[in-house]
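Visitor: just coords:
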């Protein structure tokens, strides 16, 4: 179900992530197998220790700045607080990667292997190069890789306009030392900040690449082929029988359950952090519209709308996938059988199946209207934050005019 280019891009992504220490997973495009080396595992542990120190330092500097008079509303504090939230979210993600790296490597290998076996057995005429879903995976990964290469330019702009943010090391020392004016210190801090931005971007790349590698073949292609009543199919009609559907569906269900045990709790935490981060950015722009400069407002707005659009799309596609899985199970009611025993067996199997969920059951699962609920919660949370934390009623005018 994947093009040859996908496996090459997947290998490149794994090599870069392993080189940075973001994730210890390696991928062999020839054997199409995921594995973990001792060297990559050690490098991943070192990055986790480094990121713990970075998160503690950023959080301490942010809290210290907020306790000083007059600093809770300036642009350096706002940017520092936003970056501290981001580092904490990345820290939790890296922690999950390190604790579940073996399970995640096995689950990804099983996903790729099952997709290829399913294609050979039930879709022998399927040509990934001519299918829109397979080609779109390659295009999205290429665009993500190219955008990550431009991160150095964005890093240089942030370092130039927010040179005195408390998260930079030179702010710890007395101002009369003049460290902020030296090019050596600037080059060191630029390299460290650019490396941290690369870690953040490739953590996002892991979710993009792994999510596409699982969601598209399992939900967009295989789950659609299980559904009864469609006009066009890419698989043999013998797939949609009482003998073929149960084992094939159970295979997808087991792989999905294994992945959700790894990423389900992480998605709950990420959902919460995205919500808080967007509300904070919106509140900062509206509450301190007159005091913040245009660069800070523009950057906060880009982060806010970018995060809102990205996570909203994830919730939208996840909700459609959950609805497709539910519709597939419901469609088995109308299947035609030659033998009464097949119909009885399929009815019992259908009642034993639960729709595939994305998230953590009992805490947060993505549903069809989760995207709309998320957008509504952001608007409501921003409005309540402005009305509750603002002592100046002029904020109402800002909300209505922006």
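Guide: In hand now; what should we look at? In this text the structure is predicted, and so the values were computed from the model without any measurement.
Visitor: from residue 327, how far off is residue 17?
Guide: Per Cβ to Cβ, to the nearest Å, residue 17 is found 35 Å from residue 327. Bear in mind the C-beta positions are built from the backbone N, C-alpha and C, glycine included.
Visitor: oh, I was asking about residue 286
Guide: The spacing between residue 286 and residue 327, counted by Cβ to Cβ, is 41 Å.
Visitor: do the same with residue 378
Guide: As it turns out, when the distance is counted by Cβ to Cβ, residue 378 lies 29 Å from residue 327.
Visitor: show me where this protein has its helices.
Guide: Under the criterion DSSP state H, the chain carries helices at the ranges 4-20, 38-67, 75-99, 101-122, 132-149, 151-161, 183-215, 223-226, 245-287, 294-331, 340-352, 370-389, 395-401.
Visitor: turn the ones you listed into JSON lines, including mean pLDDT, distance to residue 29 and mean neighbour count.
Guide: As requested, the helices of the chain are exported to JSON lines (pLDDT from 0 to 100; distance: least, Cβ to Cβ, whole Å; neighbours: other Cβ atoms under 10 Å):
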{"stretch": "helix 4-20", "mean pLDDT": "88", "distance to residue 29": "4", "mean neighbour count": "18"}
{"stretch": "helix 38-67", "mean pLDDT": "88", "distance to residue 29": "17", "mean neighbour count": "16"}
{"stretch": "helix 75-99", "mean pLDDT": "84", "distance to residue 29": "22", "mean neighbour count": "20"}
{"stretch": "helix 101-122", "mean pLDDT": "86", "distance to residue 29": "11", "mean neighbour count": "18"}
{"stretch": "helix 132-149", "mean pLDDT": "83", "distance to residue 29": "14", "mean neighbour count": "15"}
{"stretch": "helix 151-161", "mean pLDDT": "71", "distance to residue 29": "25", "mean neighbour count": "14"}
{"stretch": "helix 183-215", "mean pLDDT": "83", "distance to residue 29": "13", "mean neighbour count": "17"}
{"stretch": "helix 223-226", "mean pLDDT": "82", "distance to residue 29": "26", "mean neighbour count": "19"}
{"stretch": "helix 245-287", "mean pLDDT": "86", "distance to residue 29": "21", "mean neighbour count": "18"}
{"stretch": "helix 294-331", "mean pLDDT": "86", "distance to residue 29": "26", "mean neighbour count": "17"}
{"stretch": "helix 340-352", "mean pLDDT": "89", "distance to residue 29": "37", "mean neighbour count": "13"}
{"stretch": "helix 370-389", "mean pLDDT": "87", "distance to residue 29": "34", "mean neighbour count": "15"}
{"stretch": "helix 395-401", "mean pLDDT": "37", "distance to residue 29": "52", "mean neighbour count": "13"}
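Visitor: of all these, which lies closest to residue 358?
Guide: Comparison of the helices of the chain against residue 358 by Cβ to Cβ identifies helix 294-331 as nearest, at 4.6 Å.
Visitor: for residue 172, find the nearest of the helices of the chain.
Guide: Using Cβ to Cβ as the criterion, the shortest distance between residue 172 and the helices of the chain is 7.9 Å, found for helix 38-67.
Visitor: which strands and helices lie in contact with that closest one?
Guide: Here helix 38-67 is seen to pack against helix 4-20, helix 75-99, helix 183-215 when contacts are counted using 3 or more Cβ pairs under 8 Å, 6 or more residues apart in numbering; DSSP states H and E.
Visitor: okay if I get those as CSV plus distance to residue 58?
Guide: Shown next, in CSV, are the helices and strands packed on helix 38-67 (distance: least, Cβ to Cβ, whole Å):
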stretch, distance to residue 58
helix 4-20, 19
helix 75-99, 4
helix 183-215, 10
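Visitor: closest to residue 371 out of these?
Guide: Within the helices and strands packed on helix 38-67, the stretch nearest residue 371 is helix 183-215; the backing value is 15.1 Å (Cβ to Cβ).
Visitor: and the angle for the closest one with helix 132-149?
Guide: Angle of helix 183-215 versus helix 132-149, following axes from the mean of the first three to the mean of the last three Cα atoms, to 10 degrees, is 170 degrees.
Visitor: list the helices and strands helix 183-215 packs on?
Guide: With contacts defined as 3+ Cβ pairs under 8 Å, 6+ apart, the secondary structure elements packing on helix 183-215 are helix 4-20, helix 38-67, helix 75-99, helix 101-122, helix 132-149, helix 151-161, helix 294-331.
Visitor: out of the ones you listed, which comes closest to residue 253?
Guide: helix 294-331 (9.4 Å).
Visitor: next, the angle from the closest one to helix 183-215.
Guide: Between helix 294-331 and helix 183-215, the angle comes out at 10 degrees (the same axes, to 10 degrees).
Visitor: so what's the gap between helix 294-331 and the chain middle?
Guide: Computed by Cα atoms, centre = their mean, to the nearest Å, the chain-centroid distance of helix 294-331 equals 10 Å.
Visitor: same check on stretch 50-62?
Guide: With Cα atoms, centre = their mean as the basis, stretch 50-62 stands 22 Å off its chain's centre.
Visitor: contact partners of it?
Guide: When contacts are taken as Cβ atoms under 8 Å, 6 or more residues apart in numbering, the neighbours of stretch 50-62 outside the stretch itself are 77, 80-81, 83-84, 87-88, 90-91, 94, 166-167, 171-172, 196, 199.
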